[in-house]
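J.: Sequence plus predicted model, see below.
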Amino acid sequence: MNKIYSEISKLSDKFRKMCYGITKDEVQIHDAVQELMLYFMQMNPETLKKIYENDGLEGITKYGAVVLKRSLTSVRSPFYYKYKKYYKNLVGMTYNSNYSHNDKIMNNYNKSIYNMPEELPSNIKFEKLDRIDVALGEYCTWYDKKVFELYYYEGNTLDSLAKKTGISRNSLFTTIDKVREILKEKLNE
């Protein structure tokens, strides 16, 4: 696993470049990439190993790109609650600051996913992930949504999720299967 973590740490500049398509705020980019590295360290080692063995660094890059995109654009991401939400509401400070941590003026603060650099693999389907997030919020209960997210987004197995939550494996399977059916029906797939 140390070899994989070492290889992931070498990708930090690549991940930083990806972030510039979403925000120009260097502090936010730095925080997002650091949170991504922490995310990889806390991720299920077997899942990470499987991604690395199947797709190599390209698979890790794709996975990291999805996590970064969600972190910087979704109000439901842990990054938003840890950084954006807190700093956005501080008295006397504005979130869209014109200064970075190096006191350099940031002239074009542009929050758009349309000008993301080519470092991002072209076959990632962010639109589909966004549609799934919306459908989860609209058609599922909070419990169903949370179980689905824990299973798919965090890469837990049914057994590990049952251990973590104390909910039976069969109950988790039923919930995940029900959410899959709802998503298939609502997204017409």
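T.: Done, it's in.
J.: list the helices and strands the top helix by length along the chain packs on?
T.: Counting residues, the longest helix in the chain under DSSP state H turns out to be helix 45-73. Contact analysis of helix 45-73 by 3 or more C-beta pairs under 8 Å, 6 or more residues apart in numbering; DSSP states H and E lists helix 2-9, helix 12-19, helix 26-42, helix 78-79, helix 126-139 as its packing neighbours. In short, each C-beta sits where N, CA and C put it, glycine included.
J.: residue contacts, the residue nearest in space to the middle of the chain?
T.: Centrality entry for the chain: nearest residue to the mean C-alpha point is Val67, 2.3 Å, by C-alpha atoms, centre = their mean. Contacts were defined as C-beta atoms under 8 Å, 6 or more residues apart in numbering; by that measure Val67 touches Leu36, Tyr39.
J.: Glu154 now?
T.: Residues in contact with Glu154 (C-beta under 8 Å, 6+ apart) are Met43, Asn44.
J.: On the three-state scheme, it is what?
T.: Look at Glu154: counting by DSSP: H, G, I helix; E, B strand; the rest coil, its state is coil.
J.: roughly how far apart are it and Gly21?
T.: 25 Å (C-beta to C-beta, to the nearest Å).
J.: now do Phe40
T.: Here Phe40 is placed at a distance of 21 Å from Gly21 (C-beta to C-beta).
J.: just Val66 next, same as before
T.: According to C-beta to C-beta, Val66 stands 14 Å off from Gly21.
J.: And the two? Which one has more around it.
T.: Using other C-beta atoms under 10 Å, the more surrounded residue of Val66 and Gly21 is Gly21, with 21 against 17.
J.: so when I look at the more buried one, I'm seeing a strand, right?
T.: No. The assignment for Gly21 is coil, going by three-state DSSP, so no strand is present there.
J.: confidence score at Lys163?
T.: The score at Lys163 is 90. That number is its pLDDT.
J.: check which helix or strand covers it.
T.: Assigned by DSSP states H and E, Lys163 belongs to helix 158-165.
J.: What is the least confident helix or strand in the protein?
T.: Lowest by mean pLDDT, DSSP states H and E among the helices and strands of the chain is helix 85-88, with a mean of 54.
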